Structures are given as C-alpha cells and as structure tokens.
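A.B. asks: Build the 3D model from these lines:
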Amino acid sequence: MRERLLSREFSADEVEQTLRRLDESGLLDDTEFAQEWVRSRHTHSGRGRLALKRELRTKGVDEETAANALAQIDPDDERANALQLAQKKLRVSAEDLEDREVRAKAHRRLAGALGRRGFPPDLIGSVVKEVLENAPRCENETGLDDPKVG
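C.D. replies: Residues are numbered from 1 along each chain as shown. Next up, the predicted model:
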C-alpha cells in the first residue's frame, strides 16, 4: 500500500497518516487479505496453488503469510478444479485419441492450460492422464453408440 501511494505522488506524511488510519481501522491485515484472496481466486477463477502463490507475492504478501493462506486449499478441491478445467478444454473424442499425434497434441494442450492456471506438475500429469483415459466416445446421428441399433 505504501508503494502504491508513493507511486501516485502522495507526500510521505500523507502516506504515513493514511497507513496509520488504515491500520487502526484493521484494514491493513495481510493475513486476512491473503486468506480472502486465496479463497476467492481458488473458488471463482479456478486458480491453482502455484498461481495464487505468485499473485500473493506480487501483492507484497510475505512467504509465511502466503503459505498459511494457501494451506486452506483442500487438495481434493484443487484436483476437482483441475479435472473440471481439463474436461472442459478437451475437444477430441476417445476415437480421435487413438491417433498418437492427436493424443500427444491433446496432452500438450491440456497440460499447458492447467500449467497456466497454476496447478502443480504432479497434479497436471495425473489429471491429464485421467481425462484422456476417460474421454467421451462419439455418438452416431441417432444418439446411440451402436450403429446397428436404431
């Protein structure tokens, strides 16, 4: 907050007075800020632990406070978010994935999308593998899997 106010050319006195008032009012609580930031960004934007850590660092939150805030993320919830994102991003059917090149491209695409969202590499690997193994099969024009039935 200090850096932001100074960058907007407030005087040092104005900055100190403002910071003191905010602190007295309980509005400069890094712990509370970090907790709420992680809760909100994890829930609403589907960010992974690594992205959230990076975001907190850019906000000026110290490592210990950030680590404590990130500890509230349930690994199962993080995996569910990653799985949901990967399933949404998968644009090929199980039949198409039988082609080695198509499968490799889908793997790279999904891993990249999850990586950009800040999910850890071990989670990315297992989620991408699961999504590719459980890709939906194409249905024929009648909506049935067996073309002989209909």
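
A.B. asks: Helices along the protein, start to end?
C.D. replies: Secondary structure of the chain (DSSP state H): helices at 2-7, 12-24, 30-44, 49-58, 63-70, 75-89, 100-116, 121-133.

A.B. asks: Tabulate the ones you listed (JSON lines), appending mean pLDDT and mean neighbour count.
C.D. replies: In short, each C-beta sits where N, CA and C put it, glycine included. As requested, these are exported to JSON lines (pLDDT from 0 to 100; neighbours: other Cβ atoms under 10 Å):
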{"stretch": "helix 2-7", "mean pLDDT": "88", "mean neighbour count": "12"}
{"stretch": "helix 12-24", "mean pLDDT": "89", "mean neighbour count": "12"}
{"stretch": "helix 30-44", "mean pLDDT": "92", "mean neighbour count": "16"}
{"stretch": "helix 49-58", "mean pLDDT": "95", "mean neighbour count": "17"}
{"stretch": "helix 63-70", "mean pLDDT": "96", "mean neighbour count": "16"}
{"stretch": "helix 75-89", "mean pLDDT": "95", "mean neighbour count": "16"}
{"stretch": "helix 100-116", "mean pLDDT": "96", "mean neighbour count": "15"}
{"stretch": "helix 121-133", "mean pLDDT": "97", "mean neighbour count": "16"}
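
A.B. asks: ok, the residue positioned nearest the centre of the chain - contacts?
C.D. replies: The centroid of the chain falls nearest to residue 47 when counting by Cα atoms, centre = their mean (1.5 Å). By Cβ atoms under 8 Å, 6 or more residues apart in numbering, the contact set of residue 47 is 41, 55, 117-118.

A.B. asks: Name the pair among these with the greatest separation in space.
C.D. replies: The span of those, defined through Cβ to Cβ, is set by 55 and 117 at 11.6 Å.

A.B. asks: State the distance from the closest residue to the residue nearest to the centre of the chain other than its chain neighbours to residue 55.
C.D. replies: Excluding the flanking residues, the one nearest residue 47 by Cβ to Cβ, 6 or more residues apart in numbering is residue 41, at 4.7 Å. Look at residue 41 and residue 55: by Cβ to Cβ, to the nearest Å, they are 7 Å apart.
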